[in-house]
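Engineer: Here is a sequence together with a model predicted from it:
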Amino acid sequence: MTTTADLRSGISSIAAHELFDSLPPVTVDEMIGRWHGSEVPTGHPMDGLLALSGWYGKEFIDADHVHPLLFGTPGKFYAVNPKLIPMRTLNRAGAAFPRVMPPGGRSAFRALRTRKPRARLRTLDFRGATSAAMVYDDIPVIDHFRRLDENTVLGAMDQRGSEQTYYFLLERD
């Protein structure tokens, strides 16, 4: 059985697809709450960038109110507007993008804060199963979720124009 530690250490994109496809779906209601995220390195161009940025995870208030990019630390969380992050550029230039945060770099994300929810939860078909998915409001990205255990889901970021799926873990706070 693949553990979360194994996934955080990295697996091939083929193994990630196979694992994701083997997992049971989750409902929208099961996603409600705050989740701590971590990356699953698979050779995707964006590997390492979320961790470098100081990303904490996601917060699902209800089906229509989701903060898809939560930054900070417990007691000091803030949501970031994903529309202000150059996702396509990061996806294309990912491997060439520096993996070192300049001094004060993480604090730059505070300038991208938002109080408005920037995504919704819906039930969608993806890779052969119907499961909860997070649909971003302003960017062509859908994060699909499957259950690893009662408090952990494997996420698959499906971005229009990207040839690869980006995988990540969410663990319930």
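Structural biologist: Sure thing, it's come through. Numbering: from 1, shown residues only.
Engineer: The closest residue to Ile139 other than its chain neighbours and Tyr167, how far apart?
Structural biologist: Counting by Cβ to Cβ, 6 or more residues apart in numbering, Pro82 is the residue found nearest to Ile139 once chain neighbours are left out, at 5.5 Å. (Glycine included, C-beta is placed from N, CA and C.) Distance from Pro82 to Tyr167, counting by Cβ to Cβ, to the nearest Å: 18 Å.
Engineer: The two - which one has more neighbours?
Structural biologist: Set Pro82 next to Tyr167 and count neighbours by other Cβ atoms under 10 Å: Tyr167 wins out with 24 against 19.
Engineer: what residues are up against the residue nearest to Phe168 when sequence neighbours are not counted?
Structural biologist: Of all residues not flanking Phe168 in the chain, Gly155 sits nearest, at 4.6 Å (Cβ to Cβ, 6+ apart). Listed by Cβ atoms under 8 Å, 6 or more residues apart in numbering, the contact partners of Gly155 are Gly37, Asp143, His144, Phe145, Tyr167, Phe168, Leu169, Leu170.
Engineer: would a markdown table of those with secondary structure and distance to Pro45 be doable?
Structural biologist: Compiled in a markdown table, these are given as follows (DSSP: H, G, I helix; E, B strand; the rest coil; distance: Cβ to Cβ, whole Å):
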| residue | secondary structure | distance to Pro45 |
| --- | --- | --- |
| Gly37 | strand | 18 |
| Asp143 | strand | 17 |
| His144 | strand | 19 |
| Phe145 | strand | 22 |
| Tyr167 | strand | 13 |
| Phe168 | strand | 14 |
| Leu169 | strand | 19 |
| Leu170 | strand | 21 |
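Engineer: of all those residues, which two lie farthest apart?
Structural biologist: The span of the contacts of Gly155, defined through Cβ to Cβ, is set by Gly37 and His144 at 14.4 Å.
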